[in-house]
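# Mind looking at a prediction? Sequence and model below.
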Amino acid sequence: MTSATLRLPTPLRAFCGGQDEVTLEGATVGELLRALEREHPDLRGRILDENGEVRRFVNVFVDGANARGNGGLDADVRDGSQLTIVPAVAGGSGRSR
Amino acid sequence: MSTSRERLDALRAALGEVEPRQAAGDPDGVVLDVREPDETSQGSPTGALRVPKSFLELRVEEALPDRSRPVYVLCAGGVRSLFATEALRALGYERAVSVAGGFSRWKADGLAFEVPRALDAAGRVRYGRQVILPEVGEEGQLALGRSRAVLVGAGGLGSPAAYYLAAAGVGELVIVDDDVVDRSNLHRQILHTDARVGRPKVESAKQTLEALNPDVRVDARRVRLVPENVEEVFAGADVVLDGTDNFQTRYLVNDACVNLGIANVHGAIFRFEGQVSVFHPARERGVAPCYRCLYPEPPPPELAPSCAEAGVLGVLPGVIGCLQGIEAIKLLLGIGEPLIGRMLHYDALRQRFQELTFGADPKCTHCAPDAPVRPYQTLAESCGA
């Protein structure tokens, strides 16, 4: 079985017990993200939308390369690969206006 | 032991000399003016290479990689050039020859000369340590001095970036921010001071930066960037640094940079994490991505990190803002590999940088080669990070 490490961005760590990395089993980006949601149900809707697609303000990088445009959710993942989840962040440090 | 007169005569006999007209008339040759900068700044043969004699051995290989070219060595009167020619021959420039009578004769013979753009004495001192970098040099320094950078935000990211751009001698900094200094800003927004709490950030920034480097002109714009003013604020910019704190402004910065063909040096932070990238589709349409290629849409307010979750380690924007400063200076100088199609992701807690790559979205609504120019939108205000 293929397993990969998922690096979680700070804004999502609160929804998975504060962990910044988790290792899960899955052979594609989609399988891994769905496994992540199963393991941490509070993450539901924050990476994948209601249609199961990656949200448009989130990018998933497989070993440093963006999965969007490179197979997306169907992109194959090698055993020991690293997925980095990076959402858009606005700025900033709290309201300054 | 010979007198200097005898030594000169011997050199002249051994190395030979040419008349200025012969040097000027050789299309394959190069005139190497070895006088000091305060001399060449008064005038120097048109198109000449200028390497002061005091740095000749150190710099000539960089300036003149081809040792087989005829080199016409010129000084003020034809004396220093003889010694310089001797040094060049020793370095393997076999066709180096001294120009008789130097620049005085050159001018008297009515040959072409120019007054090169040059750093003044104070500039040579101030920027000396970066001018000696071959990648910068005097030309690069002068180019920085002619450059205009727009900084959107005079906060945590804009502070270090503006500091270093000003220190580096970027000629004009346009700083856009409508906010005033709050005491809670000061743990990260190092342009400002406790005594300036309550004052407009752009005025505080101007005061700090002009004190650091009086060469720099700071255009303080106390406005919020909006669709109506963005093109006017960005007009004539060579680079834009996005150090803002909200998605509304980030998409506006992106869209205006795409429309105007300006490089957008992006930095964003959240708590202990930072992102840096350069968005510049105009560099190679369909290859170099824009912010929308990476993030086609901002998160809806309910999915953006809440304000209560925000907060940041003060030094984090220091790291990210400095990286933006480096990218901006590289772009202005045209050196190195810009962070285009790449994001540098920084995790301060793990003390780890990761390079992430991404391409242009062929269906990008704003920067795809066939995308129409779109009017600027106003996004709904979201809390952001």
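Nice, I can see it.

# Domains in chain B, by residue range?
B:2-118, B:131-383 (automatic domain parsing).

# how about the helices of chain A, start to end?
Taking DSSP state H, the helices of chain A run over residues A:10-13, A:29-39.

# Can I get those in CSV including distance to chain B?
Quick note: C-beta positions are derived from backbone N, CA and C, even for glycine. Listed next are the helices of chain A as CSV, based on distance: least, C-beta to the nearest C-beta, whole Å:
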stretch, distance to chain B
helix A:10-13, 4
helix A:29-39, 14
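
# right, and these - which one's nearest B:Thr3?
helix A:10-13 (76.3 Å; C-beta to C-beta).

# where does chain B dip in pLDDT?
Applying pLDDT under 70 to chain B flags the ranges B:1, B:305-309, B:380-385.

# distance of the residue nearest to B:Gly158 when sequence neighbours are not counted from B:Lys53?
Excluding the flanking residues, the one nearest B:Gly158 by C-beta to C-beta, 6 or more residues apart in numbering or on different chains is B:Gly243, at 4.0 Å. Distance, B:Gly243 to B:Lys53, using C-beta to C-beta, to the nearest Å: 45 Å.

# So which of those two has more stuff around it?
Using other C-beta atoms under 10 Å in any protein chain shown, the more surrounded residue of B:Gly243 and B:Lys53 is B:Gly243, with 33 against 18.

# State the next helix or strand along the chain beyond the helix or strand containing B:Glu61.
Element membership for B:Glu61, per DSSP states H and E: helix B:56-63. Where DSSP H and E defines the elements, the next helix or strand beyond helix B:56-63 is strand B:71-74.

# on that earlier part again, could you identify which of the domains of chain B is most buried?
domain B:131-383 (a mean of 20; mean count of other C-beta atoms under 10 Å in any protein chain shown).

# what's the offset of it from the middle of its chain?
Computed by C-alpha atoms, centre = their mean, to the nearest Å, the chain-centroid distance of domain B:131-383 equals 15 Å.

# What segments of the stretch 251-385 of chain B are strands?
B:263-270, B:273-279, B:342-347, B:352-357 (DSSP state E, counting those that start in this stretch).

# Including distance to chain A, could the ones you listed go into a markdown table?
Converted to a markdown table, these look like this (distance: least, C-beta to the nearest C-beta, whole Å):
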| stretch | distance to chain A |
| --- | --- |
| strand B:263-270 | 4 |
| strand B:273-279 | 5 |
| strand B:342-347 | 6 |
| strand B:352-357 | 5 |
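
# Make sure B:Leu225 is actually in contact with B:Gln248.
No - using C-beta atoms under 8 Å, B:Leu225 is not in contact with B:Gln248; the gap is 9.0 Å.

# coming back round to it: next one: the residue nearest to B:Gly158 from B:Phe279, what distance?
14 Å.

# Do a quick rundown of the strands in the stretch 51-200 of chain B.
Going by DSSP E, counting those that start in this stretch, the stretch 51-200 of chain B shows strands at B:71-74, B:96-99, B:113-114, B:148-152, B:172-176.

# out of those, which comes closest to B:Ser44?
Nearest of the strands of the stretch 51-200 of chain B (C-beta to C-beta): strand B:113-114, 6.0 Å.

# Could you name the helices and strands sitting against the closest one?
Applying 3 or more C-beta pairs under 8 Å, 6 or more residues apart in numbering or on different chains; DSSP states H and E, one finds that strand B:113-114 contacts strand B:44-45, helix B:102-108.

# Compare those and give me the one nearest B:Val258.
Of all these, strand B:44-45 comes closest under C-beta to C-beta, at 42.1 Å.

# Now do the closest one: which elements does it pack against?
By 3+ C-beta pairs under 8 Å, 6+ apart, strand B:44-45 packs against strand B:30-33, helix B:102-108, strand B:113-114.

# Is it possible to get TSV of the ones you listed that adds distance to B:Tyr346?
As requested, those are arranged in TSV below (distance: least, C-beta to C-beta, whole Å):
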stretch	distance to B:Tyr346
strand B:30-33	46
helix B:102-108	52
strand B:113-114	46
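
# Not counting sequence-adjacent ones, nearest residue to B:Pro281?
B:Cys367 (3.8 Å).

# Now do the contacts for that neighbour.
When contacts are counted by C-beta atoms under 8 Å, 6 or more residues apart in numbering or on different chains, B:Cys367 touches B:258, B:281, B:285, B:289-290, B:292-293, B:360-361.

# same thing but at 7 Å, please
B:258, B:281, B:290, B:292-293, B:360 (C-beta atoms under 7 Å, 6 or more residues apart in numbering or on different chains).

# and if you look at B:Gly102?
Per C-beta under 7 Å, 6+ apart, neighbours of B:Gly102: B:74-78, B:81.

# And those residues, which is closest to chain A?
B:Leu74 (53.0 Å; C-beta to the nearest C-beta).

# For that closest one, name its beta-bridge partners.
B:Asp33 (DSSP bridges).

# Contacts only, for it.
B:31-34, B:45, B:81, B:99, B:102-103, B:106.

# before we move on, what about B:Gly359?
Applying C-beta under 7 Å, 6+ apart, the residues near B:Gly359 are A:69, B:289, B:341.

# hang on, the earlier thing: could I get the contacts of B:Gly102 in JSON lines, plus columns for distance to B:Tyr164?
Putting the contacts of B:Gly102 into JSON lines (distance: C-beta to C-beta, whole Å) gives the following:
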{"residue": "B:Leu74", "distance to B:Tyr164": "38"}
{"residue": "B:Cys75", "distance to B:Tyr164": "38"}
{"residue": "B:Ala76", "distance to B:Tyr164": "38"}
{"residue": "B:Gly77", "distance to B:Tyr164": "43"}
{"residue": "B:Gly78", "distance to B:Tyr164": "44"}
{"residue": "B:Ser81", "distance to B:Tyr164": "40"}
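
# Please identify which pair of the residues you listed lies farthest apart.
Maximum distance among the contacts of B:Gly102 (C-beta to C-beta): 9.9 Å, for B:Leu74 and B:Gly77.

# For stretch B:208-228, list the C-alpha coordinates in CSV.
What follows is stretch B:208-228, C-alpha atoms only, in CSV (Å, rounded to 0.1, in the frame of the first residue of the first chain):
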residue,chain,number,x,y,z
THR,B,208,12.6,56.8,8.4
LEU,B,209,13.7,56.0,4.9
GLU,B,210,14.9,59.5,4.0
ALA,B,211,16.9,59.6,7.2
LEU,B,212,18.5,56.3,6.1
ASN,B,213,19.2,57.4,2.6
PRO,B,214,18.7,60.9,1.4
ASP,B,215,19.2,59.9,-2.2
VAL,B,216,15.9,58.1,-2.2
ARG,B,217,12.7,59.9,-3.1
VAL,B,218,9.7,58.6,-1.1
ASP,B,219,6.3,59.3,-2.6
ALA,B,220,4.0,58.8,0.4
ARG,B,221,0.5,58.0,-0.7
ARG,B,222,-2.0,58.0,2.2
VAL,B,223,-4.7,56.3,0.2
ARG,B,224,-6.4,52.9,0.1
LEU,B,225,-5.7,51.2,-3.2
VAL,B,226,-9.0,50.9,-5.0
PRO,B,227,-10.0,50.2,-8.7
GLU,B,228,-10.2,53.9,-9.3
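
# does that stretch come close to chain A?
No - residues of stretch B:208-228 contacting chain A under C-beta under 7 Å from any C-beta of the partner chain: none, with a closest distance of 7.8 Å.

# Could you list the residues in contact with that stretch?
By C-beta under 7 Å, 6+ apart, stretch B:208-228 touches B:152, B:162-163, B:166-167, B:169-176, B:178, B:191, B:200, B:202-203, B:205-206, B:229, B:233, B:249, B:252, B:376, B:378.
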